[in-house]
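Asker: quick check, what structure comes out for this input:
(one chain, ligands or ions: 1)
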Amino acid sequence: MPINKLSKRLEICAGMVSKGCRIADIGTDHAYLPIFLAKNNLISGAIASDVNTGPLKTAQKNIKNNGLEKIIKTRISEGLKNIYEDEVDEIIIAGMGGNLISEILDKCNFQNKFSKKFILQPMTREYDLRLYLCNNGYFIENEKAVYCKNKVYTVMHVKYTNHKLIFSETYYYIGMILKNYNKDTKLYIEKQIRDLKNKKNGSHHMKNFSLEKKYDSIIRILESILH
Ligand SMILES: C[S@@+](CC[C@H](N)C(=O)[O-])C[C@H]1O[C@@H](n2cnc3c(N)ncnc32)[C@H](O)[C@@H]1O
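Answerer: Next up, the predicted model:
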């Protein structure tokens, strides 16, 4: 199958990759992302990896059909376990839950994480992922919201700094998405407000009024950001 166009979600991931670098696409599944990047001469090499053989076979088939076997290598790997740090510059972990992405980063034993760029695209639990990143020496340099197939996601460009960061609670709900304010950003903030309102109602029913107040103050801050 020729892959000429990506979903908007993967397109935003692709847009964060630096031209000419070597990437690892962790949890590649169909390998659409490295295929798109290689076909458009945007990367010098790629490792398309997956923990499961089924998706990796699909990836291999798609890579072969597009004649890209010289540029994109495939590999079975649980997270970054079988990826060697001197063979990649940028690491993409997309289409997984935020907790799984945190687990993969937590098991990363690269000696020099500082030199790598991580492009992370959680499908769920972005709050948990941002909290993990801040507590474990990672910094979100850039972040973009993306509306795709009736859902709104976020894509993060992350660097390792080895500095533990503490932000206000609101940060963990929106990260750095205000760096790129557009209609998708607005949709993302609206989604976060809806989720917070549900949590606020839940805490009200549980008579946890301090928690209710906390959620209420974050909702107010997020509402004040919307324009
Ligand atoms: C929903 S697909 C995402 C595909 C693609 N990255 C995307 O964003 O469209 C998730 C893929 O991650 C793989 N996966 C799940 N856990 C993994 C892990 N710990 N390490 C590597 N791959 C994993 C699954 O086998 C599956 O192919």
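Asker: the chain against the ligand: which residues are in contact?
Answerer: The chain comes close to the ligand at residues 10, 26-29, 50-52, 55, 78-79, 94-96, 100, 104, as judged by Cβ under 6 Å from any ligand atom. Backbone N, C-alpha and C define where each C-beta goes, glycine included.
Asker: how many neighbours does residue 44 have?
Answerer: 14 (other Cβ atoms under 10 Å).
Asker: list phi and psi for it.
Answerer: Backbone torsions of residue 44, given as degrees, to the nearest 10, read phi -100, psi -20.
Asker: what residues are up against it?
Answerer: Contact analysis of residue 44 by Cβ atoms under 8 Å, 6 or more residues apart in numbering lists 20, 21, 22, 71.
Asker: and those, which are buried?
Answerer: Buried members of these, scored by 16 or more other Cβ atoms under 10 Å, are 21, 71.
Asker: filter the contacts of residue 44 down to just the ones in strands.
Answerer: If you go by DSSP state E, the contacts of residue 44 have 21, 22 in strands.
Asker: and the contacts of residue 44 as CSV, adding pLDDT?
Answerer: CSV is the format used below for those (pLDDT from 0 to 100):
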residue, pLDDT
20, 98
21, 98
22, 98
71, 98
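Asker: residue 200: which of the contacts of residue 44 is nearest?
Answerer: residue 21 (43.0 Å; Cβ to Cβ).
Asker: hang on, the closest one packs against residue 38?
Answerer: No - using Cβ atoms under 8 Å, residue 21 is not in contact with residue 38, being 12.0 Å away.
Asker: hey, where'd the strands end up in the chain?
Answerer: Going by DSSP E, the chain shows strands at 21-26, 43-50, 72-76, 90-96, 117-122, 138-148, 151-160.
Asker: among those, which is nearest residue 206?
Answerer: strand 117-122 (27.1 Å).
Asker: okay, stretch 143-157 in CSV with CA atoms only?
Answerer: Provided in CSV are the C-alpha atoms of stretch 143-157 (Å, rounded to 0.1, in the frame of the first residue of the first chain):
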residue,chain,number,x,y,z
GLU,A,143,3.5,20.8,22.4
LYS,A,144,0.7,20.8,19.9
ALA,A,145,-2.9,19.9,20.1
VAL,A,146,-4.4,18.0,17.2
TYR,A,147,-8.0,17.2,16.3
CYS,A,148,-8.3,13.9,14.4
LYS,A,149,-11.2,11.6,13.8
ASN,A,150,-13.5,13.3,16.4
LYS,A,151,-10.9,13.2,19.1
VAL,A,152,-8.4,15.7,20.3
TYR,A,153,-4.8,14.7,21.1
THR,A,154,-1.5,16.2,22.0
VAL,A,155,2.0,15.8,20.6
MET,A,156,5.0,16.6,22.8
HIS,A,157,8.5,17.4,21.8
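Asker: how is the protein divided into domains?
Answerer: 8-177, 181-227 (automatic domain parsing).
Asker: looking at the ones you listed, which is buried most?
Answerer: domain 8-177 (a mean of 19; mean count of other Cβ atoms under 10 Å).
Asker: okay, how far is it across that one, tip to tip?
Answerer: End-to-end distance for domain 8-177: 16 Å, by Cα to Cα, to the nearest Å.
Asker: got it, and stretch 119-131?
Answerer: 16 Å.
Asker: distance from the chain centre to that stretch, please.
Answerer: 6 Å (Cα atoms, centre = their mean, to the nearest Å).
Asker: how about low-confidence regions in the chain?
Answerer: By pLDDT under 70, the low-scoring segments of the chain are 1-3.
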